[in-house]
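Enquirer: Return a 3D structure for these sequence lines:
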Amino acid sequence: MTVDFDSITKDVNRHSKLMNDIDVSNVNKIVDANPSIFELGWDQPKTKRRDAGVYFKKVIRDGVEVDKPKYGFTFFIPTQIPQYQLFDGTILNCTLFNYLDGTKGLWFDADDPSEPEWELVHFQDDPPLLAPSINAMCQLVTDITGNTNTQPLKDYLDVLDNLETDRHDWSFMTLWMSKKNKSVKIGLSKNDDALIGDEVNGILDKVCGSKNSNAYKNTQQMFNTLGLGLVESPNAIVTTYVEFDSTGLKKEVAFEMGVSHCLDAPHGTRAMDDYSRFTDYQSSYKDGISMIMNNSKDSNWISDDWRSQIESWETCENIQSTFGDVIVTSSKEGWKTELLYGLSGSRGGVQPTNFIRGF
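Expert: Residues are numbered from 1 along each chain as shown. Here you go, the predicted model:
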């Protein structure tokens, strides 16, 4: 099956904010609108589907949803080639595509299910921020957005250039691409060293502009409240995002917080294959979740009612549910929080279930 609706319907409404009847109806609408990509189940020959699940992205502010939910589906893609084919058939050329990890997520808006809102890819081996990779990223952004003035984006990336700073600790990690919105979100990862003042000030200056602006003040506060413990922790992955669209570099910064390891043993392995390592990773996972939820509570990023459902999401009885990420975005309007989570299919099923870096 391409999406395991049988298992989904058994757990629908048990976490009513996270997965309800409207969500299931929306997923059905998307699947029905795209027969070519959902024709084959994940376990059928020649399929490109990674699993039988669906992933959710809901945006909240002060406990209230402030945007329409988005629904993601995972597919396999070619690796070690400098090209990527968008949903509409457009071929993008970029040397950074050589480092893609082999999967993509297509994220849809159910009100316009004919094409994805976003296409999400992850890099493996984390290509470092150097002049050639920065230039390649800027050209890719031009190809997607149509905006040839990427100097503001380059100025931001240059602040973190590994050679110029002599720190060698920033790399490209994640890319959200939208031909539909003519926009790109660029996710950067940093090693376990703490953020330093020069980096923070450089990011604020290049992205948010004037120190007197609300965008600058709100983002500076987010840096302060994020907590260096989370940034430095080996149990969590923190990704820094900026967005560039047809109008230029947006005056906002986002932090994505996810866990470093999965709850269960990787697909194709068993816990007893290396039980000591399994227990270490499971402990790391639980510690990472706890840190993210505590930060979210302390900073009021997630209200109690949403947080309680996220914390118990992986206890679903019939679906292989998985926690994803918490993304907090700061702009002149304040903060908003995106919750990413989902399921890969039936609980105990043989479909791949584990993600190292979310969806």
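Enquirer: then the helix or strand where His122 lies to CSV, C-alphas only?
Expert: When elements are assigned from DSSP states H and E, His122 belongs to strand 118-123. What follows is strand 118-123 as a C-alpha-only set of coordinates in CSV (Å, rounded to 0.1, in the frame of the first residue of the first chain):
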residue,chain,number,x,y,z
TRP,A,118,7.9,22.3,-0.8
GLU,A,119,10.5,19.7,-1.7
LEU,A,120,12.8,18.8,1.2
VAL,A,121,16.2,17.2,0.8
HIS,A,122,19.1,16.5,3.3
PHE,A,123,22.8,16.4,2.7
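Enquirer: which helices and strands does it pack with?
Expert: The criterion is 3 or more C-beta pairs under 8 Å, 6 or more residues apart in numbering; DSSP states H and E, and the helices and strands that strand 118-123 contacts are strand 100-108, strand 170-178. No exception for glycine: its C-beta is placed from N, CA and C like everyone else's.
Enquirer: Mind checking what helix or strand follows the last one in sequence?
Expert: Helices and strands here follow DSSP H and E; after strand 170-178, the next one along the chain is strand 183-190.
Enquirer: pLDDT on that following strand, on average?
Expert: Throughout strand 183-190, pLDDT has a mean value of 94.
Enquirer: Surely Gly258 touches Ile327?
Expert: No. Under the criterion of C-beta atoms under 8 Å, Gly258 is not in contact with Ile327, lying 9.2 Å apart.
Enquirer: if we can go back for a sec, any chance of CSV for the helices and strands packed on strand 118-123, columns mean neighbour count, distance to Ile22 and mean pLDDT?
Expert: Written out in CSV, the entries for the helices and strands packed on strand 118-123 read as follows (neighbours: other C-beta atoms under 10 Å; distance: least, C-beta to C-beta, whole Å; pLDDT from 0 to 100):
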stretch, mean neighbour count, distance to Ile22, mean pLDDT
strand 100-108, 21, 14, 96
strand 170-178, 22, 24, 95
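Enquirer: Serialize the ones you listed to JSON lines and add fields for distance to Asp304.
Expert: Written out in JSON lines, the entries for these read as follows (distance: least, C-beta to C-beta, whole Å):
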{"stretch": "strand 100-108", "distance to Asp304": "27"}
{"stretch": "strand 170-178", "distance to Asp304": "29"}
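Enquirer: how about those, which one is nearest Leu188?
Expert: With C-beta to C-beta as the criterion, Leu188 lies closest to strand 170-178 of the helices and strands packed on strand 118-123, at 5.6 Å.
Enquirer: For beta bridges, what are the partners of the residue nearest to Asn149 when sequence neighbours are not counted?
Expert: Ranked by C-beta to C-beta, 6 or more residues apart in numbering and with sequence neighbours excluded, the top spatial neighbour of Asn149 is Gly248, at 6.9 Å. Here Gly248 sits in beta bridges with Asp245, going by DSSP bridges.
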